[in-house]
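J.: structure, please.
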Amino acid sequence: MKDILDRVNGLFTYSSGLRRELHRHPELGFQEFHTAEIILRELSRWEGLRIQSGLAGTGVLATLEGKKPGRTVLLRFDMDALPVQEETGAEYASEIDGLMHACGHDGHMAIGLTAARLLAEGQQEITGRVRILFQPAEEGLGGAVQTIQAGVLEDPRPDYVLGMHLWNEKPLGWLGISDGPVMSASETFRIQVRGKGGHGAMPQEAIDPIVAAAGVINALQTLISREVHPLDSAVITVCTIHAGQAPNVIPAEATLTGTIRTFRQETRHRLLERFKALVKEVAAAYRCQAEVTMEDIAPAVINHPQPARIIRQTARDLFPAMEVDENYRTMASEDMAFLMQELPGCYTFIGSSNPGRGLDAKHHQPNFDFDESALVTGTALMVGSALNLLES
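T.: Predicted coordinates:
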């Protein structure tokens, strides 16, 4: 294990340089064409990698065969950026107006490429097979589903899948490797509340959808406080409300949008059912009609105990001074969940913030940046974990 860490440390300049090149050229989901070119350029430098490109449009898959037959481990790294205008002031800041790697996917790809290099250089030491997937369109666009449909889990089917996220919610020196649900299932919703428009000075002649919408917003929170088990977790957040055009006109319609997050499948089904019923019943109490539409974004990310145990031990061997949190969960969501519905796997969080250097902005913010020392942690952990899973 120490040899792995020494080799990764020796490639830090390579990892950092790749991360910064990718950061300067962000691309949205399913538009990662230049990003894919960088990935293909690097992968083609290392012997032994069988490379497939164009998966789900822009995805790339590299396969490395070991010295003798064995299991197959799939390592997955996401590629897409966000529609955020960067405000970091970094010398490697985005060169594309209005786009930014504000979630750390540039770091994930740098980790994946460095891992591919290390594994290719040590091919003769590998028993089994490692597949490395660079997946497009993680940010709620369905990239994981489309790569599965493109055959990424075939020829041969992996035995395990591993993923990771540089995590600015936690500092360097922290790792989150838990059993069970670690990221929530996610839905988005749209509620259209319809009433009857009228003059703002004569509300008795109208049916006000804004008042009904306010009632709906307040009532929805009782689903969390009164219908979800106190030891379970769920979130309902109304993120937008749109109604009306003038200060003296009651509109005929109000529109609400937001998100629902849950961990347990039973909670998810019950909450979605009660959500739709409550919205319609509350709106009706205000003499309005309501229509609810929902879009499933991702199921919960659920770590399998066996690979999680092996990865925790790998982390402790590589980084004995680091904190390994075995009980970490977040209400954020990830389409890695679709891959983990198909295969046993583990999703790991890697602390990446450094408040002392001002690198502690949260994900999806315009001043987001992370401490690049986390690239070493991520690469060593992914390589070490893959090898240990193949040998287990």
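J.: chain neighbours aside, what residue packs nearest to Asp97?
T.: Gln85 (7.2 Å; CB to CB, 6 or more residues apart in numbering). To be clear about C-beta, it is placed using only N, CA and C from the backbone, and glycine gets the same treatment.
J.: which secondary structure state is assigned to that neighbour?
T.: coil (DSSP: H, G, I helix; E, B strand; the rest coil).
J.: that one: neighbour count?
T.: 12 (other CB atoms under 10 Å).
J.: then Asp296?
T.: Asp296: 12 neighbours (other CB under 10 Å).
J.: give me the sheet partners of the one helix or strand it maps to and which way each runs.
T.: Per DSSP states H and E: Asp296 is located in strand 289-298. Partners of strand 289-298 in the sheet, by DSSP bridges, are strand 185-194 (antiparallel).
J.: still on that earlier bit, could you measure from the residue nearest to Asp97 over to Asn367?
T.: Separation of Gln85 from Asn367 (CB to CB, to the nearest Å) stands at 11 Å.
J.: thinking the residue nearest to Asp97 is in contact with Ile96, fair?
T.: No: judged on CB atoms under 8 Å, Gln85 makes no contact with Ile96 at a distance of 9.9 Å.
J.: alpha carbons of stretch 11-29, in PDB - could you do that?
T.: Taking Å, rounded to 0.1, in the frame of the first residue of the first chain, the C-alpha atoms of stretch 11-29 are listed here in PDB:
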ATOM      1  CA  LEU A  11       2.400  11.800 -10.100                       C
ATOM      2  CA  PHE A  12       0.900  14.800  -8.300                       C
ATOM      3  CA  THR A  13       2.100  17.300 -10.900                       C
ATOM      4  CA  TYR A  14       0.500  15.100 -13.600                       C
ATOM      5  CA  SER A  15      -2.800  14.900 -11.700                       C
ATOM      6  CA  SER A  16      -2.900  18.600 -10.900                       C
ATOM      7  CA  GLY A  17      -2.000  19.600 -14.500                       C
ATOM      8  CA  LEU A  18      -4.800  17.500 -15.900                       C
ATOM      9  CA  ARG A  19      -7.300  18.800 -13.300                       C
ATOM     10  CA  ARG A  20      -6.400  22.400 -14.300                       C
ATOM     11  CA  GLU A  21      -6.600  21.700 -18.000                       C
ATOM     12  CA  LEU A  22     -10.000  20.200 -17.600                       C
ATOM     13  CA  HIS A  23     -11.100  23.000 -15.300                       C
ATOM     14  CA  ARG A  24     -10.300  25.600 -17.900                       C
ATOM     15  CA  HIS A  25     -12.600  23.800 -20.500                       C
ATOM     16  CA  PRO A  26     -15.900  22.900 -18.800                       C
ATOM     17  CA  GLU A  27     -18.700  21.400 -20.800                       C
ATOM     18  CA  LEU A  28     -22.300  20.600 -19.900                       C
ATOM     19  CA  GLY A  29     -23.800  17.100 -19.900                       C
END
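J.: I appreciate the help and will end here.
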